[in-house]
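Participant: predicted model and sequence follow; I will ask about them next.
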Amino acid sequence: MNQNREKISEILKTITGFMKLDCRVEIIEENTEGSKGLFISLYAPENARFLIGRNGQNLKALEHLIRLVYSKVEQEPRAISVDVNDYKKAKTQYAIELARQALNRVRDNQKAEALAPMSAYERRVVHMELASCPDVTTESIGEEPQRRIVIKPFSLS
């Protein structure tokens, strides 16, 4: 695995080198209950916006590229997540905060509320976050890229 980590790090540094961006790469392995994941963090002190792109489009493309490279060198499937300057982490935290605010409104007025469209990853995190609330249910509606979560009081489901 160390060899693959070095290869991924080398590829990322080559890509960012072509973009004339200086960055630091951190790769964290996670092995829990049958699932294995790689969390790759890029830290670019300047011009990280080029790696992130509008609404994270460049970051999604970079993550896809890394998944393809990894699947060529490693037979064992693994969840791979790439983040730049904690962009995804901050965006996910923001989605959770919006969901908690909507949860309070749903509890107060007992009416369903739809959240803004979000990525599949953000929706998954919000569903998991609100799963511990026995008085509401959540469901995803719509088609990509407008797919969103609806929070409903349990009495309406």
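Facilitator: Yep, it's here.

Participant: and the residue nearest the centre of the chain, what is it in contact with?
Facilitator: Taking CA atoms, centre = their mean, the centroid of the chain lies closest to residue 121, which sits 4.6 Å from it. Residue 121 is in contact with 81, 88, 92, counting by CB atoms under 8 Å, 6 or more residues apart in numbering. C-beta coordinates here come from the backbone N, C-alpha and C atoms, glycine included.

Participant: just the ones of the residues you listed in helices?
Facilitator: 88, 92 (DSSP state H).

Participant: tell me the most packed of the contacts of residue 121, by neighbour count.
Facilitator: Taking other CB atoms under 10 Å as the neighbour criterion, residue 88 ranks highest of those with 22 neighbours.

Participant: from residue 136, how far out is that residue?
Facilitator: 25 Å (CB to CB, to the nearest Å).

Participant: same check, this time on residue 3
Facilitator: Residue 3 is 47 Å from residue 136, where distance means CB to CB.
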